[in-house]
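A.B. asks: just to be clear, the model below is a prediction. Sequence and coordinates:
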Amino acid sequence: MNEAPQYPPGLREAGEGDLAALLAIYNDAVLHTTAVYDYEPRPVEAQIRWFEAKRAQNLPVLVALDGGTVSGFASYGPFRPWPAYQFTVENSVYVAPDRRGQGVGRRLLGPLIEHARSRRLHAMVAGIDATNEASLRLHRRFGFEQVAYFRQVGWKFERWLDFVCLELIL
């Protein structure tokens, strides 16, 4: 396997000192958006387990920094648990609420894709709420194509949610 690519300025691998910022960004998405189909904020202990699992599996967690403050993060992980899916990953990109619409997601997704390519992975999948136009635009900008549309599969904020899957062949 190749080495992971070098990251541009303002982007790096997350460290333990970033976990509180990552948790705040993630929990804001849980509580205020349909980017996560969950109802309850993630507890600190679960965030630590998530990060330790990423490290144990040698999976990236990239952070974007603006003025020394974490403005977003991105990662990928297994798409499905069976061996035949080992060359396909699913990505996640989260941006701090005060930094949305300012290019943070774009700064994260490009290097995340390159990281996956450096690992000789074959496909990257993104599962996105159908009303999340910003995330859909972001992924399409990097060549992701819609491969599935699931109607009314989620329930949040007292309404049914449609879910879209996009794919990029790496």
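C.D. replies: The structure has been received and is ready for your questions. Bear in mind that the values here come from a model prediction, so they are computed numbers and not experimental data.
A.B. asks: given the helix or strand hosting Glu90, what are its sheet partners and their directions?
C.D. replies: Using DSSP states H and E, Glu90 sits in strand 88-95. Paired with strand 88-95 in the same sheet, following DSSP bridges, are strand 69-78 (antiparallel), strand 123-129 (parallel).
A.B. asks: so which of those strands comes closest to Gln102?
C.D. replies: Taking C-beta to C-beta, strand 69-78 is the member of these nearest to Gln102, at 8.0 Å. C-beta coordinates here come from the backbone N, C-alpha and C atoms, glycine included.
A.B. asks: checking my notes, Gly101 in a strand, right?
C.D. replies: No: assessed with DSSP: H, G, I helix; E, B strand; the rest coil, Gly101 is coil; it does not lie in a strand.
A.B. asks: now it, nearest residue through space, not along the chain?
C.D. replies: Distance criterion C-beta to C-beta, 6 or more residues apart in numbering; nearest residue to Gly101, sequence neighbours excluded, is Ala134 at 6.7 Å.
A.B. asks: number of nearby residues for the one you found?
C.D. replies: 13 (other C-beta atoms under 10 Å).
A.B. asks: likewise Asn58?
C.D. replies: 9.
A.B. asks: can you check the one 4 residues further on too?
C.D. replies: Other residues lying near Leu62 total 22 when counted by other C-beta under 10 Å.
A.B. asks: let me know the pLDDT of it.
C.D. replies: We note a pLDDT of 98 for Leu62 in this prediction.
A.B. asks: contacts only, for it.
C.D. replies: Each residue near Leu62 by C-beta atoms under 8 Å, 6 or more residues apart in numbering is listed here: 7, 11-14, 73-75, 108, 111-112, 115.
A.B. asks: then Lys156?
C.D. replies: Lys156 is in contact with 34, 37, 39, counting by C-beta under 8 Å, 6+ apart.
A.B. asks: cutoff 6 Å now
C.D. replies: Contacts here follow C-beta atoms under 6 Å, 6 or more residues apart in numbering; on that basis Lys156 touches Thr34.
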